[in-house]
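**Student:** I'd like to go over a predicted model; first the sequence, then the structure.
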Amino acid sequence: MIFEYRFYQASHGRLAEEVDRMREVAIDGAPAEPNGPPVHKESLFDRYGIPRPLGAWTSLTGPHHPIFGYIVKWDSLAQRDAAFPPFWNDPFWHAVRNRTDAGSPLVERIDTWLMNSSPVWNMVRQEGDNTPIGGVHEMRIHYTRAGYAHYFRETLAQIELPQCQALGGRVLGVFDVVIGPQMPAIISFLAWPDFAIQAQARARLDVEPRLLESLLRNEKSAGGAVLLRMESRLLQPVDYGVPIANFGCSA
C-alpha cells in the first residue's frame, strides 16, 4: 500500500476551475462530448482504476499558492503505473482538458509525493466514524537530516502530535515521504476547528518546553540538527473531498 499526494498550482484567479475540473474527471460520470467520446457512466478515475481521493483541498497558505491537492491510496506502485497512462490517453480527458483550459493553461505546475504510512500514525491514531471532518486543515511537513528521521519520529509521536491533539487538533494521517521534491520528510495532516484554534496551537508549539528539549536531545545524540525545517500549509477541504477519520484507513 502506498499513498500519493498530488497538487496542482492553478493559474492566477482560476483555482475554482481546477476544483471543478477534478470533480468532472474523478467524481462525476462523463457526458457525451459533441462529435467526441461517448458517455461514461462512471468517472474517468473509476474507469481506469484510479482511486477516488481520500481527501481534496485548496490551499489557504503555503508555497505555490493557489493550489489544489488531493491524496489517494494505491495497493501498489504497479497499480498506479498501470492506471495513469490510459487515463492520460483517454479522448474524453483530452476533451475536458482542452475545454477547461479555455485557450490558456489552467495548471501551471504539478507535483506529486509518494508516501508510506508512518509508524507514528498508529501511535497517535484517533478512531472515528465515517463523518466528514471539516474545519481548517493543516499539512505539516518536517524535513529531517538524512539517516536520522527515526529520532524525530519519536519526538513527533510522543510530544508534538499529542500536544496538537490536546490543543484541539485531530490527526488525520502521518506519512513518510519515499519519493518527493525534498527528502527525507515526514508529513502530518491535521484538522482544526477553525483558524483561531490553529493559530493559538501553533504559537503554543513554538514555545513548548518539552518539544524544544526533545529537539535539543536529538541534536546532541545525532551530532547535529535532526529537524532541518518545518513547513506548514493551511488547507480548505473541497465539498467532494472532505476526509473522514484516518482517511478511512484501518490500523
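**Tutor:** In hand now; what should we look at? Numbers count the residues shown, from 1 in each chain.
**Student:** you'd agree Ile179 is up against Asn116?
**Tutor:** No: Ile179 lies out of contact with Asn116 (CB atoms under 8 Å); the separation is 10.2 Å. Heads up, the C-betas are built off the backbone N, CA and C, glycines and all.
**Student:** and Glu154, what element?
**Tutor:** In this assignment (DSSP states H and E), Glu154 forms part of helix 149-155.
**Student:** Summarise which helices and strands that helix is packed against.
**Tutor:** Secondary-structure packing of helix 149-155 (3 or more CB pairs under 8 Å, 6 or more residues apart in numbering; DSSP states H and E): strand 136-144, strand 185-192, helix 209-222.
**Student:** ok, now with 6 Å
**Tutor:** helix 209-222 (3 or more CB pairs under 6 Å, 6 or more residues apart in numbering; DSSP states H and E).
**Student:** can you pull out the helices in the chain?
**Tutor:** Shown for the chain, the helices assigned by DSSP state H span residues 15-22, 44-47, 77-89, 91-101, 119-124, 149-155, 161-166, 195-206, 209-222.
**Student:** Low-confidence ranges, the chain, go.
**Tutor:** Within the chain, the stretches with pLDDT under 70 are 30-40.
**Student:** Next one: the closest residue to Glu160 other than its chain neighbours from Thr155, what distance?
**Tutor:** In space, and not counting its chain neighbours, Glu160 is closest to Leu211: 5.8 Å by CB to CB, 6 or more residues apart in numbering. Look at Leu211 and Thr155: by CB to CB, to the nearest Å, they are 7 Å apart.
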